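1. Have a look; sequence and predicted model below, questions after that.
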Amino acid sequence: MADDDNKNGEEQEKPKSKMLLIIIAVLVVLLIGGGVAAFLMLSGGDEPASEEAAEPTQKPAIYFDFKPPFVVNYQWKGRQRYVQISLTVMTRDASAIDVINTHMPLVRNNLVMILGAQDFETLRTTEGKEVLRQTMLEEIQKILMEESGGAAAAGGAGGEGGLSAGGGPVIEQVLFTNFVMQ
């Protein structure tokens, strides 16, 4: 009879120990799963930031003022007239400014020649000023292309990131910061 009581006690202990073993296994799985989930959530925040960093961002604009201002004289209706223009260029590539500084005499010469070839009456109109601005932009871009080894392309206003498809420097805008006619 003692053997029967002993067997009964062992049989009752087996289900309790199995149940305890299952509970411990479930807790271990939950802890491991929770740890993995926490790791993924915390490290998951870096993935979108690294994807955004991989996308090209637009560089900040760099402005360069031509000093001194350009002064050109005209004969208009039998009288001597003058035009004074303060000019600024915008780029997103510092190497474009370096090329302009290096070749400043050539740049200024070509811009003065363009200004001198203009009709005084045409410059009085908004359209005439815009045509002059575009002509000056194209001339500066042409000089950059020629003097930086032909790598620069003439990308108009709104170029992507200040670099041309060839990877050379680009001037995006020519800005008149002062335009006096008398």
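-> That came through fine.
2. contacts, neighbours, all on C-alpha from now
-> Will do.
3. do you know how far the residue nearest the centre of the chain is from residue 174?
-> Closest to where the C-alpha atoms of the chain average out (Cα atoms, centre = their mean) is residue 58, at 0.9 Å. Relative to residue 174, residue 58 is positioned 19 Å away (Cα to Cα, to the nearest Å).
4. where does the chain have its least confident helix or strand?
-> helix 46-54 (a mean of 52; mean pLDDT, DSSP states H and E).
5. and the following helix or strand past it, which strands flank it?
-> Sequence order places strand 62-65 as the next helix or strand after helix 46-54, per DSSP states H and E. According to DSSP bridges, strand 62-65 forms sheet pairs with strand 79-91 (antiparallel).
6. list the contacts for residue 78?
-> Neighbouring residues of residue 78 by Cα atoms under 8 Å, 6 or more residues apart in numbering: there are none.
7. Can you read off the backbone torsions of it?
-> Dihedral angles of residue 78 (phi, psi; degrees, to the nearest 10) stand at phi 80, psi 10.
8. Distance of it relative to residue 98?
-> 42 Å.
9. Give me the secondary structure label for residue 100.
-> helix (DSSP: H, G, I helix; E, B strand; the rest coil).
10. Tell me, how many residues neighbour it?
-> By other Cα atoms under 10 Å, 22 other residues sit near residue 100.
11. What of residue 97?
-> Residue 97: 22 neighbours (other Cα under 10 Å).
12. Residue 64 is in contact with that one, correct?
-> Yes - using Cα atoms under 8 Å, residue 97 is in contact with residue 64, at 7.0 Å.
13. This protein: helices as residue ranges?
-> Applying DSSP state H to the chain gives helices spanning 2-44, 46-54, 94-102, 104-116, 120-123, 126-147.
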